[in-house]
Every structure is written in C-alpha cells, then in structure tokens.
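# sequence plus predicted model, see below.
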Protein chains: 4
Amino acid sequence: MAKPRSEEKRSAIMAAAVRVIAAQGLGAPTATIAQEAGVANGSLFTYFETKADLFNQLYLELKSELASVSLKGLPVTADLRKQMLHAWSRSMDWAVSNPGKRRALAQLGVSDEITPASREAGHKTMTGIAALLERSRAKGPMRQVPMGFIVAIMNAMGDATMDFMIHDPTHAKKHCKAGFDALWRMLA
Amino acid sequence: MAKPRSEEKRSAIMAAAVRVIAAQGLGAPTATIAQEAGVANGSLFTYFETKADLFNQLYLELKSELASVSLKGLPVTADLRKQMLHAWSRSMDWAVSNPGKRRALAQLGVSDEITPASREAGHKTMTGIAALLERSRAKGPMRQVPMGFIVAIMNAMGDATMDFMIHDPTHAKKHCKAGFDALWRMLA
Amino acid sequence: MAKPRSEEKRSAIMAAAVRVIAAQGLGAPTATIAQEAGVANGSLFTYFETKADLFNQLYLELKSELASVSLKGLPVTADLRKQMLHAWSRSMDWAVSNPGKRRALAQLGVSDEITPASREAGHKTMTGIAALLERSRAKGPMRQVPMGFIVAIMNAMGDATMDFMIHDPTHAKKHCKAGFDALWRMLA
Amino acid sequence: MAKPRSEEKRSAIMAAAVRVIAAQGLGAPTATIAQEAGVANGSLFTYFETKADLFNQLYLELKSELASVSLKGLPVTADLRKQMLHAWSRSMDWAVSNPGKRRALAQLGVSDEITPASREAGHKTMTGIAALLERSRAKGPMRQVPMGFIVAIMNAMGDATMDFMIHDPTHAKKHCKAGFDALWRMLA
DNA sequence: CATGAATGAGCGTTCATTCAT
DNA sequence: GATGAATGAACGCTCATTCAT
C-alpha cells in the first residue's frame, strides 16, 4: 500500500558504502555514505539499524560475493589442481576488477565492529572452497594441520596476492600464477 | 621538535598505547592512552604532535622490535634453512609472548593513519630478514618473483601463523613448525 | 479539518497515547503511539495535525472525563458536604481505576505543549464542580478568596491524594477520606 | 597545576540552566544552556556527565535552596503557628522573587529524568520543615495521617499558592496568607 | 483514506587538540 | 615541562512530519 522498501535503495547504500569505505576508511560518516547513495542521511537507518549493522551486512555480502564468484563455472570434472586454480583465479580477478570492494572487505575484515556471528556466517559462505582445499591437502604435507589454519593461510596468501596484483596491474596475471603456485607447493 | 625531556615518559605512552590499542582498537581516545600511561592527556601532545604521529611512531617501533628480535642470535654459520627457521621462530615467539604488541601492530598495519613513509621505513627495518629471504629463494621456484611479493607473502603467512598460535597456544609449537615448513616449501 | 472518517481509530490513538504517555512520558515518539494504536505512523497525522494537537485534545478529553465522572450520580438533594464528598470520591475512584489516565493527565497538565486555550477549555469542563465548590465556600473562611485560587488548591490536593492512593492502594479509602476532610476543613 | 575546575563556571551553567529551563522547558538543548552560560557546549560536560546529571544536581540545589531559605531566621521561640507561617512565607517569597527557579523546579519535579535517589535527597533537605509540620499536626485532626501524605499536601498547596502569587503579584501577600490559613485549618 | 518509507533538522555526547596556570 | 580544563567540530542516531503509492 505504501512505498515499499526498495531493494534498489538498499543496494545503492551498500554500493555507496563500498566506495566511501574504500576511499575514507571505516571512520567515514554515515552522512557521507547516504549522500553518496543519493538518499537522506536518516534513510540509511531505515535500511540498516546502525552503522555497525550496515558494516556487518556489507561484510557478509562481499564475502559471499567473493565466494560465489570463485566457484562460478568450476570445472568439476577437471583435476583438483585445475579446480583450485580456477577458484583462485576467479578470486583474484574479482579483486582486481573490484578494487573498491576488495579494499572495503579488507578493512571490514579487521574491524572489531564485525561480530563473531558475521565472521562465522562469512566462513560458511566459503564452504565450497574449503571443501576443495580439504581435498587438495588430503594427501599432501599439510594433511595433519587443522583446516582452520590452512584456510587462514590461504586467505592470507590470497590477500597478499590481491594487493600485489592491484598495486602492479601490469603483471597481474604473473602474480596471480605465482601466488597460486606457491600455495599449491605448500599444499600438495 | 627537540627531543622531549623524558624518554621514560615517551615510552610509557608508547607502552600504554600498545595496551590500549590491543584492548580497544585504534579508535581509543588519546585521553585513555594518556591515563594508562600515567600522564595528563595534554602531555601526550608534547611527546607526539598528533594521534596519528603517535601511531606512526609506534608502528615503526613495533616493526623494528620484531625485526631485531628475529635476527637476535642468528646462527650465521648454519645453513640457510636453519637461519630462516631461527628468524621465523623468533618472530613467532615474540608474537606469542607479546600478544598485545602483535595485536596493536596488526591493527596499525591496516590503518590508513600510517603514512607511506612509515611503511617504507618499516620495510627497511626488515632488510636483514629480506636478505635471508632473498638467498633462500635464489635457487627456488620463486626466483623470478619480485621480492616485494615474497615479503608480502611471508608477512601474510607469518600473521596467519601468529594468529593461530595465539588462538590455540597449546599447539603453538606445532603451528609454528607447520607455518615454517609451508613457507619453506613455497620458497625452496 | 473535517471530521475524520473513523471515530474508532481516533479514539484508539487517544487510548494508545494514554498508555504510552503513562509508560514513557511525553517524550514518547508518535510512532510508538501509532503502533500501540495499531495504525500506521503517518495515519496519526490524519487525525491530529501535530503531536501537540494530539496532546491538547487528549488533555481536554481526560479533563472532561474526570469532570463528568465526578458529577455522575450526584445526590443533588443531599446537603452540600455530601455532594462534594461524592464528587471528590468519584474523582479519586477514577484516578485509582485509571492510573494510566491519571498519570497522562498529570504529565499533560504540566507540559508547555498545552496551550492556554486548552487550559481554559479544561477549566470550563469543571464548571459543575466549581459551582459546588463555590457554594461550599460561600459562608466559610475562604469566601473572599478568588475562585481560581480555590480551584487550584482543590486540584492540588486532589492530585496529592490521588498519588497517595495509587501509591498505597491498601489504604486508598482512608486516604481519600483524609484528603476530603482536609479540604472541607479548609473550605467550610 | 592546571586550570582548576571553576566553581564559578559550574554555577554559571546551573544559573543558565535555570533561565533556559524556565523559558523553554526541559527539552531545551544543552548547547543553549552552555551558550547562555558563556561556555563552549563541550564544557558543560566537564561539569556534568550528562544532561540528566545536570538536571538532577540542579533539582537538588533548588530544592535545598528553598528548604534553607524557608528556615532562615526561624523564630524558634515563637509559637508553632508563627514558626510555620514564617517558613511558609519565606518559601512563597523565594518563589515570587525567583520565578525562574520556581518554574525550573516545578518542571524538574515532574520530570522522569530525576532519579529516585535525587528525590530522596530532596526530601532530606526538608527535614527541618517536616519536623515543624509534624509538631503542627500532632494534636490536630490529621494526627493519624501518614506524614508523607501531609508533606505532599503541603507541597501541593504551596505550589498552587506560588503559582497564584506569581500570576497575580498585586495580591501576592493576600494569597500567601490565604494559602497559609487554609493549610493551618487543615492541620491544626 | 491508509500506509510506511523518505526526509533532514536537531540533539546529546565525544574527543583531538590548545592553552591558561 | 606538566597539567587538565576549555574548545568546538563532528558524528551517530531520532523523530515529527510529508508524500508517493
């Protein structure tokens, strides 16, 4: 009956938040985000209860976008290494094509506004990749190491690789490959 | 500008900052840091021009402490792998013994208050380790990769390993070893 | 301006306002009142132009409810004291049976949102009681005192008595009597 | 060593609060109070933790000022009625000479920002008057009524009388006397 | 007319930095 | 130099009111 809450506006805010966080960090005023999204500052709070809530939702959205993009078109019949490489490359491509999102995600990832629940949910979105990883290391030298540790290392290496690719885009491909090879040497 | 009177007070502030940042993050008020250091809030600004200045100096100090601790007692006559393992283990031990410092350093590392100049200077403190790293990878599969990338990966892996050791101290030794072995597999 | 469609909805809002004001004071959001009334927040403003308007109308309604209840069943043939006692007791009973209304009325009474016009109109609803009061004091020691003053005192004493009865309901009857006797001693 | 917290500034804020509350009610912005007091808006919070804290302290201060003023110069050797009359008149004079304070106190008295503890403390300041009251009613018709009730009635009558005196200052004296006589008739 | 999203002014409070003592 | 009160810009969030649906 009334003007419905528009998904469009919600994502405009999300997108604005990405841009603003990438540019100014998490300390950016909510008013700036609202303005960038083209809505009144008060409207932001129709869609997100608090600034922290916005951050948590954004974190999850980016995390799951990254996860889903990584697995898109996964060559499930190919050998493991090829599958992992596919996922890895997709992640890196996403980061390079979306440097703002990547920056925002990096900042959100270390923020203490992000609740344990959100981190947990973030992990869940990576289940598919974790499964690949699990199989990849199953017979390798890290077969005894806790999965959490392996995931952490993979994320850390991914982050480092992303940063490098974004910072030196000319050789992005090369860095991507180098990062993956290093990861694979560790695992298998 | 001139060296402040009391070096003692300066380091009290630094130490307080570590504790406070570890506990409350970078958003902690300067007044809290001053209080924790046992000085008046205004006094903080006779030792550091701005909050950002304090953060930059602290970043550098922690970074170089970590670097110097890593190389202390380096078995220079031993083979490369042993030297690297020594440096790695020292780093990890430092992190485990100084979780506050490690947390603070991690936060500072991702802050956008830290200037490029500070980051540059931070890298310089790691020259010794970088040299080790350079020799380690000289004949390995990463011999063509830019050193910056390798350093980044090593740092990333170090960070992941530290986190894991702190989080699960019972198996700290094991995680330390696993992290190093993984690193070595990548490099050599 | 024209009479709103649903008198039912109007009084639902009024009743909700009573409950909400009693619980949260005059600072309560209009949205809360609307919600409590089961209408949309915007709808409140089709029945009342502003929040202040709602308050003024509510004030009047409560005031006149109290006045009318006081005179209901007045034993017009009995002696004056009995009539006054009747009115007094009715008022007190109303307050005890409707503590929410009483609280709301008390808050509204001291609010500066209530216009002089509303206060004036509120007084008018008490004409019947004022007449009783006038006759009661006609030959007593307060025969020279301005009626407004007497009304004010009676109200003040009524308020104090109500508060006491609500606060200590076990002896409500006793307090009611004590209050009235005190009033009567003043007047007659 | 440093600029000490000035009692002068504290009372400037208090006094400003009285003026502003009298004029605009309790909803007045803290910034307005600060400005009226001639201090920066932030400074208000050096002296009072919160707006509510300011209100509570102000309530107590006014309450105790009123209590102390009432007993000043009490003719302790005179008969009870004279003593009561003295206290009553002093109160009324205070209200008439300080209409702002009286208004502010009236508003604060009904605010739900005022904590039970403050109300309790406020009552304590009236111990002296309560004692007078106790003796006054000891042999009168209200000898069985709870003191709390009597205090409440006296306050209510005092409030009504004050309002009337302020509203119609020409006959202030007369109203003061009428109010007292009425009170005395109730009690003794 | 009902709905509830949209608006934006406004508020209490914080805090880095300055400055009087 | 040391102190801590003073400053005032800034921010997150609220809420009365409007308006598109």
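Great, that's in hand.
# count of residues packed around A:Met162?
Around A:Met162 there are 24 other residues, counting by other CB atoms under 10 Å in any protein chain shown. Just so you know, the C-beta spots here come from the backbone N, C-alpha and C atoms, and that holds for glycine as well.
# wait, doesn't it sit right on A:Met92?
Yes: counting by CB atoms under 8 Å, A:Met92 is a contact partner of A:Met162 at 6.1 Å.
# between these two, what contacts are shared?
Common contacts of A:Met162 and A:Met92 (CB atoms under 8 Å, 6 or more residues apart in numbering or on different chains): none found.
# would you confirm that A:Ala67 contacts A:Thr125?
Yes: A:Ala67 is in contact with A:Thr125 according to CB under 8 Å; the separation is 4.2 Å.
# residue nearest the middle of chain A, spatially speaking?
Among the residues of chain A, the one closest to the centroid is A:Lys63, at 3.8 Å (CA atoms, centre = their mean).
# got the confidence number for it?
A:Lys63 carries a pLDDT value of 97.
# and the helix-or-strand element of chain A with minimal mean pLDDT, what does it pack against?
Every helix and strand of chain A was ranked by mean pLDDT, DSSP states H and E. The lowest is helix A:147-167, at a mean of 90. Taking 3 or more CB pairs under 8 Å, 6 or more residues apart in numbering or on different chains; DSSP states H and E as contact, the helices and strands that helix A:147-167 lies on are helix A:80-97, helix A:99-110, helix A:127-137, helix A:172-187, helix B:147-167, helix B:172-187.
# what does A:Ala40 show for phi and psi?
When read as degrees, to the nearest 10, the backbone of A:Ala40 gives phi -70, psi 150.
# distance check, A:Asp159 against A:Ala106.
To A:Ala106, A:Asp159 is 7 Å away according to CB to CB, to the nearest Å.
# do A:Met162 as well
Note on A:Met162: its distance to A:Ala106, by CB to CB, is 8 Å.
# one more: A:Trp94?
13 Å.
# which positions in chain A make contact with DNA strand F?
Within chain A, the residues that sit near DNA strand F (CB under 7 Å from any atom of the strand) are A:1-3, A:27-31, A:41-42, A:45, A:50-52.
# weed out the non-buried ones from those.
Buried members of those, counted by 16 or more other CB atoms under 10 Å in any protein chain shown: A:Ala28, A:Thr30, A:Lys51, A:Ala52.
# make sure the first one is actually in contact with A:Ile21.
By that I understand A:Ala28. Yes: between A:Ala28 and A:Ile21 there is a contact under CB under 8 Å: 6.2 Å.
# got a list of what A:Gly158 touches?
Contact partners of A:Gly158, counting by CB under 8 Å, 6+ apart, are A:Trp88, A:Ser91, A:Met92, A:Gly179.
# sec struct for A:Glu113, please.
Of the three states, A:Glu113 takes coil according to DSSP: H, G, I helix; E, B strand; the rest coil.
# just A:Ala28 next, same as before
A:Ala28 - assigned by three-state DSSP - is coil.
# how many residues are close by the residue lying closest to it once chain neighbours are set aside?
Leaving out its chain neighbours, the residue that sits closest to A:Ala28 by CB to CB, 6 or more residues apart in numbering or on different chains is A:Val20, at 4.7 Å. Counted with other CB under 10 Å, residues neighbouring A:Val20 total 22.
# pLDDT value on A:Val20, please?
97.
# quick check: buried residues in stretch A:124-132?
A:Thr125, A:Met126, A:Ile129, A:Ala130, A:Leu132.
# I am finished for the moment; much appreciated.
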